[in-house]
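> Predicted model and sequence below, questions to follow.
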Amino acid sequence: MGKKDSYNPFVSVIIATYNEPPDFITKSLRSIMEQSYPHLEIIVADDSTDKRTKDAIDKLASEDNRIQVIRQEQRMGFVNALNNALHQAKGELIARMDGDDISSPNRISLQVEYAREHPDIDLFGSSMYIINEEGDVISERNYPTTKWGIYKMFLYRSPFSHPTVMLKRDIIDNGFYYNPNYKRAEDVDFYIRLWQKGYHFGNLPDKLLKYRVVDDMGRKRTKEQWIYNHKARKKIIWRKPIFTVLSYIISLIYIHIPKRVVSSYYKKENKKRTYNK
């Protein structure tokens with residue numbers, strides 16, 4: 001592939017990692033390394049303190065010179081790690097990924113094709129499968145593909161699966177990064193700021209990612225998560241007042257929903273189903 005500093009990829013895949021089990025991070029990175037679309041770089045902003053995780057990442061980086069690893073003496077935190085990776089990205093398209101999820105082999109090629117066929121779309125994601133700790137598919141999650149469908153879902157929930165998102169470099173060149181003041185719901189805040197400035201969104205109908213859920217997904221949706229989500233939705237009241245009021249009320253309700261109800265909802269959503277492999 002040539003030296004890293006002379007390689008000009010069309011796609012940058014950015015991954016923020018923190019102490020993922022070596023098996024998880026290895027499968028995650030290999031799913032990108034083995035993509036059918038080869039013209040990419042893989043930027044790993046590694047915040048891990050676990051030597052096993054670091055060693056697993058370094059081993060893969062030694063095998064594939066498209067992998068660049070960012071580390072700092074002090075912990076970066078998830079949002080700063082993402083921003084550091086974005087600063088280093090060279091690609092015209094930038095894809096997100098998490099260190100415990102698995103991308104389908106043709107994920108990047110399909111997203112590149114979508115970007116070329118939809119030049120008006122600035123940021124887009126896809127639907128996804130949900131897998132358990134062992135990697136078994138237990139459910140799926142579908143996201144809207146139309147402008148109106150995305151608008152409706154935005155009222156009460158993010159209309160994108162964050163680790164499936166791909167965005168145009170123009171967004172970063174215009175100064176849009178994740179807000180480091182958001183410990184949670186940084187993706188919702190990011191999307192809302194882009195929407196406020198007139199950027200256009202889309203989704204592929206394909207399931208291009210296996211999203212790993214370990215234990216109870218409801219535990220990730222803490223009250224703090226909903227507070228930050230609520231905070232992000234107050235920003236566009238002057239541009240989209242009706243949407244903002246409805247979204248504001250719905251997100252306020254989420255803050256006060258008992259945790260057991262949230263946990264029950266996610267368990268139901270992630271209920272085991274049977275798929276043709």
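On my side now, so go ahead.
> And the helices in the stretch 51-200 of the chain?
Ranges of helices within the stretch 51-200 of the chain are 51-63, 78-88, 107-117, 147-154, 169-173, 186-196, based on DSSP state H, counting those that start in this stretch.
> So for residue 207, which of these sits nearest?
Between residue 207 and those, the shortest separation by C-beta to C-beta is 9.7 Å, and it involves helix 107-117. C-beta: built from backbone N, CA, C; applies to glycine.
> quick revisit: mind putting the helices of the stretch 51-200 of the chain in TSV, mean pLDDT included?
Listed next are those as TSV, based on pLDDT from 0 to 100:
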stretch	mean pLDDT
helix 51-63	98
helix 78-88	96
helix 107-117	98
helix 147-154	88
helix 169-173	96
helix 186-196	89
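> now for those helices, which one comes closest to residue 37?
In terms of C-beta to C-beta, the element of the helices of the stretch 51-200 of the chain nearest to residue 37 is helix 107-117, at 3.9 Å.
> From the contact counts, what lies against the closest one?
Helix 107-117 sits against strand 11-17, strand 93-98, strand 123-131, strand 166-168, strand 201-212, with contacts defined as 3 or more C-beta pairs under 8 Å, 6 or more residues apart in numbering; DSSP states H and E.
> most packed of those strands?
Between these, strand 11-17 has the highest mean count of neighbours, a mean of 26, where neighbours are mean count of other C-beta atoms under 10 Å.
> Which other helices and strands does it contact?
Secondary structure elements in contact with strand 11-17, counted by 3+ C-beta pairs under 8 Å, 6+ apart, are helix 22-33, strand 40-46, helix 78-88, strand 93-98, helix 107-117.
> about what we covered before: among the helices and strands packed on helix 107-117, which comes closest to residue 175?
In this view, the helices and strands packed on helix 107-117 are compared for proximity to residue 175 by C-beta to C-beta, and strand 166-168 is the closest at 13.5 Å.
> which residues does the nearest residue to residue 99 once chain neighbours are set aside contact?
Spatial nearest neighbour of residue 99, excluding adjacent residues (C-beta to C-beta, 6 or more residues apart in numbering): residue 17 at 3.8 Å. With contact taken as C-beta atoms under 8 Å, 6 or more residues apart in numbering, residue 17 is in contact with 25, 44, 45, 46, 47, 48, 53, 57, 81, 99.
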